[in-house]
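K.L.:
predicted model, plus sequence, below.
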Amino acid sequence: MKQVKRTFALLDPKNQKKFLLLTLIQMGLGFLDLLAILIVGLFSYAGSAYLGISVLPENLKRYLNLLGFPVNDLGRTLVYLISIAVILMVSKSILALLILKRTFHFLANRSAEISERIGMRFMHSSYSVINGVSSQEATYAVARGLHLGETLGGLTVIISEITMLVLLSGFIIIADPLLAVTLLIYFISLYMLSQKKLGAWMRRNSAVSTDSTVKGDQTFQDGIALYRELFISNKLSIVVARFAKLRWKVADSTANMQLIGYIPKLSFESALIIGTCLVGIQQVFLSSTESAIATLIMFLTAGSRILPSLLRLQSATSAIQSVSGGSEIAFNLIKSINTSEIERGPRSQIRFSELTFEPSVEIEGLNFSYKGRDNFAIRDLSLTIPTASSLAIVGQTGSGKSTLVDLILGILEPTSGSVKISGVDPFSAIQMWAGSIGYVPQVVAFVNGNVRENVAIGIESSDFSDDTIWDCLRMAQLESLFKESPTGLDTLIGERGMRLSGGQRQRLGIARALYSKPSLLILDEATSSLDAETEKAVAETIHNLVHKVTLIVIAHRIATVKELDQVIYLESGQIIAKGSFEEVRSAVPQFERQAKLMGL
């Protein structure tokens, strides 16, 4: 019930009403089954009279006359009755199939819409939410974890089948109370027993299957990412063994769930045969031959409709139970999004020229603390970065350099204080002047595509500008590498850029940041993976941008920042020195030692 409630709540009010309407239509089809059973009942009495086993009751004669059946010609009446019953049953099945088709398509479309909505909210939620789940869990939750069709589609089947069973039970109670009680006790007991035993088994296997699938994907992807280290240490087989162990768990739980799906069919079919024999024995000893035949026909007819309904009911219930474990990942993610500190809307499309953007940065009284930590990563920091100026951020590992950059970019929200870019908060600046801010991270991520797709990332292929891409590659000292390649910009770089060296990957990240022609460029230790010669070339590129754009550079190798306008030295999240390169060098002994080691 919990799974159904929270899944139904994902639909907006309009679509909830549509779903309920489709369900009501499906429920209404139960009346066709009821009419078919009623006519089969008439057929059983008329058949007994036709064979001379019994006499047709007077009240049934009146009903048949009112309905226009030829009572004096029971042979024709039997043909009419059985024909109408068949037509009703077939019509009900066809209409039910059509309604189910409409329902499942409706739910599939809603599932795609909700996945898009949750994906959008997730990608624009706080950094703590993004960083709080693994990429495998997030991908599973957004793409496959909601199971809207299985849950609400199963609910439609359950409601319609229960409606049909209630109507059928009501009719049988009126026609033969003793038979009704026998049927209800017999089949409901069988269903409840199977549901109790099989339901818990299904839920356990569902949870194991989902958990093992996500962990198996994570294990194998980690193995690919760590290939060199694992190869050198001769541990590749260990990773494969871990993955295989998880896949065996998936295989075992999947086989169990498939078996669970077949058990009700086999047990219910056997139950119908056993029930028919028991009712037949009971009728032989307690009733006349005529009554026994009529009761058996009624039992078989009712049972033939009850049995498929119970199977569909069991199947729908099992489907909901089988996805409940996997859905937990999705609903936990939704809960994280709903309880996060901020809700963000979609960002603007990149605009390459924006006259009103002023690439200046104002930081005032900035404090920031990560969740679950008592100490501040950034403490009482104030700073002004004028338009077209350049700033270097230096300091020991863990001093808060990358945290400060994340606050400037709006990835993190300040605990107190403010950051303003062009007079507004960072997130608003990104929305208003998207593309005017460029960023190169410490570790550059890539899509599994070609050079063109990785430089002009996030741009529709129809809007690619090869001339601009080549300009960016030239500034990042990569033009000659791909000019010499026979495939040029179509050169595939491999998943995670594995076909490139560390330095080439870093330079491709710089080219990507330059593609939108930013007015404010932030580089987070962008030369950390470069050899000395390439670092010098990239440093020249950075220096060529000085006073053309506003530059903020986090530097591990301080040689790259010597010519920048302003240098700040961070320690424990605080600025302990600020000024020119030489001024900071004089004020901070640690920085002085680094400079001497670099021969500066």
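P.N.:
Thanks, I have the structure now.

K.L.:
what are the ranges of the strands in the stretch 201-350 of the chain?
P.N.:
Here the stretch 201-350 of the chain has no strands by DSSP state E, counting those that start in this stretch.

K.L.:
one more: the stretch 51-200 of the chain?
P.N.:
Counting by DSSP E, counting those that start in this stretch, the stretch 51-200 of the chain contains no strands.

K.L.:
low-confidence ranges, it, go.
P.N.:
Counting by pLDDT under 70, the stretch 51-200 of the chain contains low-confidence ranges at 51-60, 71, 145, 171-172, 174-176, 178-180, 183, 195.

K.L.:
mean pLDDT per helix and strand in the protein: which one sits at the bottom?
P.N.:
Here the helix or strand of the chain ranked lowest by mean pLDDT, DSSP states H and E is helix 227-232, holding a mean of 64.

K.L.:
what's the pLDDT at Val553?
P.N.:
Note for Val553: predicted pLDDT of 90.

K.L.:
swap in Gln283?
P.N.:
63.

K.L.:
and if you look at Glu479?
P.N.:
According to the prediction, Glu479 has pLDDT 87.

K.L.:
separation between it and Trp470?
P.N.:
Separation of Glu479 from Trp470 (CB to CB, to the nearest Å) stands at 6 Å. In this view, the C-beta of every residue, glycine as well, is placed from N, C-alpha and C.

K.L.:
can you tell me the SS state at Ala434?
P.N.:
coil (DSSP: H, G, I helix; E, B strand; the rest coil).

K.L.:
what about it, how many neighbours?
P.N.:
Counted by other CB atoms under 10 Å, the residues lying close to Ala434 total 17.

K.L.:
same question, Gln594
P.N.:
Gln594 sits with 18 neighbouring residues when counted by other CB under 10 Å.

K.L.:
just Leu481 next, same as before
P.N.:
17.

K.L.:
pretty sure Leu500 sits in a helix.
P.N.:
No - applying three-state DSSP, one finds Leu500 to be coil, outside a helix.

K.L.:
which residue is the nearest non-sequential neighbour of it?
P.N.:
If the residues on either side of it in the chain are set aside, Leu500 comes closest to Ile493, at 5.5 Å by CB to CB, 6 or more residues apart in numbering.

K.L.:
residue contacts, the one you found?
P.N.:
Residues in contact with Ile493, defined by CB atoms under 8 Å, 6 or more residues apart in numbering, are Phe446, Gly449, Asn450, Val451, Asn454, Arg499, Leu500, Leu508.

K.L.:
how close does it get to Phe243?
P.N.:
26 Å.

K.L.:
not counting sequence-adjacent ones, nearest residue to Leu10?
P.N.:
In space, Leu10 is closest to Ile114, 5.3 Å off (CB to CB, 6+ apart).

K.L.:
from memory the one you found sits against Asp12, does it?
P.N.:
No - the criterion here is CB atoms under 8 Å, and Ile114 misses it with Asp12 at 9.4 Å.

K.L.:
between those two, which has more neighbouring residues?
P.N.:
Using other CB under 10 Å as the criterion, Ile114 and Asp12 rank with Ile114 on top: 20 against 13.

K.L.:
how far away is that one from Ala476?
P.N.:
For Ile114, the distance to Ala476 equals 40 Å [CB to CB].

K.L.:
what residues does the residue most central in space within the chain make contact with?
P.N.:
Residue closest to the mean C-alpha point of the chain, counted by CA atoms, centre = their mean, is Val142 at 1.5 Å. Val142 sits next to Ser115, Ile118, Gly119, Phe122, Ala330, Leu333 when contact means CB under 8 Å, 6+ apart.

K.L.:
what do you get if the cut-off is 6 Å, keeping everything else the same?
P.N.:
Ser115, Ile118, Gly119 (CB atoms under 6 Å, 6 or more residues apart in numbering).

K.L.:
and if you look at Ile554?
P.N.:
Ile554 makes contact with Ile393, Lys401, Asp524, Glu525, according to CB under 6 Å, 6+ apart.

K.L.:
looking at those, spot the one nearest Ser91.
P.N.:
Taking CB to CB as the measure, Asp524 is the one of the contacts of Ile554 closest to Ser91, at 67.8 Å.

K.L.:
which residues pair with the closest one across the strands?
P.N.:
Beta bridges link Asp524 to Ile554 when assigned by DSSP bridges.

K.L.:
what is the neighbour count of it?
P.N.:
By other CB under 10 Å, the residues close to Asp524 number 23.

K.L.:
domain assignment for this protein?
P.N.:
Split into domains by automatic domain parsing, the chain comes to 103-338, 357-436+521-531+554-600, 443-517.

K.L.:
what pLDDT does the model give Cys405?
P.N.:
Just to correct that, residue 405 is Val rather than Cys. pLDDT at Val405 comes out at 90.

K.L.:
which non-adjacent residue is nearest it?
P.N.:
Asp524 is the one closest to Val405 (CB to CB, 6+ apart), at 5.4 Å.

K.L.:
Leu404 is in contact with that neighbour, correct?
P.N.:
No - Asp524 is beyond contact range of Leu404, at 10.0 Å (criterion: CB atoms under 6 Å).

K.L.:
where does the stretch 201-350 of the chain dip in pLDDT?
P.N.:
225-233, 265, 268-269, 272, 276, 279-304, 325-326, 339-350.

K.L.:
so how far is Ser206 from Ser115?
P.N.:
Between Ser115 and Ser206 the distance is 20 Å, computed by CB to CB.

K.L.:
state the phi and psi torsions of Lys562.
P.N.:
Main-chain dihedrals, Lys562, degrees, to the nearest 10: phi -60, psi -30.

K.L.:
got a list of what it touches?
P.N.:
Contacts of Lys562 (CB under 6 Å, 6+ apart): Phe581.

K.L.:
so how far is Val394 from it?
P.N.:
11 Å.

K.L.:
can I assume Ile552 sits in a strand?
P.N.:
Yes - per three-state DSSP, Ile552 lies within a strand segment.

K.L.:
what's the neighbour count on it?
P.N.:
By the criterion of other CB under 10 Å, Ile552 has 24 neighbours.

K.L.:
go on, Thr7?
P.N.:
The burial count for Thr7: 27, using other CB under 10 Å.

K.L.:
over to Gln258?
P.N.:
A count of nearby residues for Gln258, using other CB under 10 Å, gives 10.

K.L.:
now the one 3 residues further on
P.N.:
Look at Gly261: counted by other CB under 10 Å, it has 16 neighbours.

K.L.:
His381 - that's part of a strand, no?
P.N.:
No His there; residue 381 is Leu. Yes - applying three-state DSSP, one finds Leu381 inside a strand.

K.L.:
check contacts around it.
P.N.:
With CB under 6 Å, 6+ apart, Leu381 has these contacts: Leu366.

K.L.:
distance of it from Val419?
P.N.:
For Leu381, the distance to Val419 equals 10 Å [CB to CB].

K.L.:
surely Thr560 meets Thr541?
P.N.:
No - at 10.4 Å, Thr560 does not count as touching Thr541 under the criterion of CB under 6 Å.

K.L.:
who has more neighbours, these two?
P.N.:
More crowded of Thr560 and Thr541, by other CB under 10 Å: Thr560, with 24 against 16.

K.L.:
for Pro308, give its distance to Leu165.
P.N.:
11 Å.

K.L.:
looking at these two, which one has more neighbours?
P.N.:
Ranked by neighbour count (other CB under 10 Å), Pro308 and Leu165 place Leu165 first, with 22 against 15.

K.L.:
return the residues in contact with that one.
P.N.:
Counting by CB under 6 Å, 6+ apart, Leu165 has contacts Ser309.
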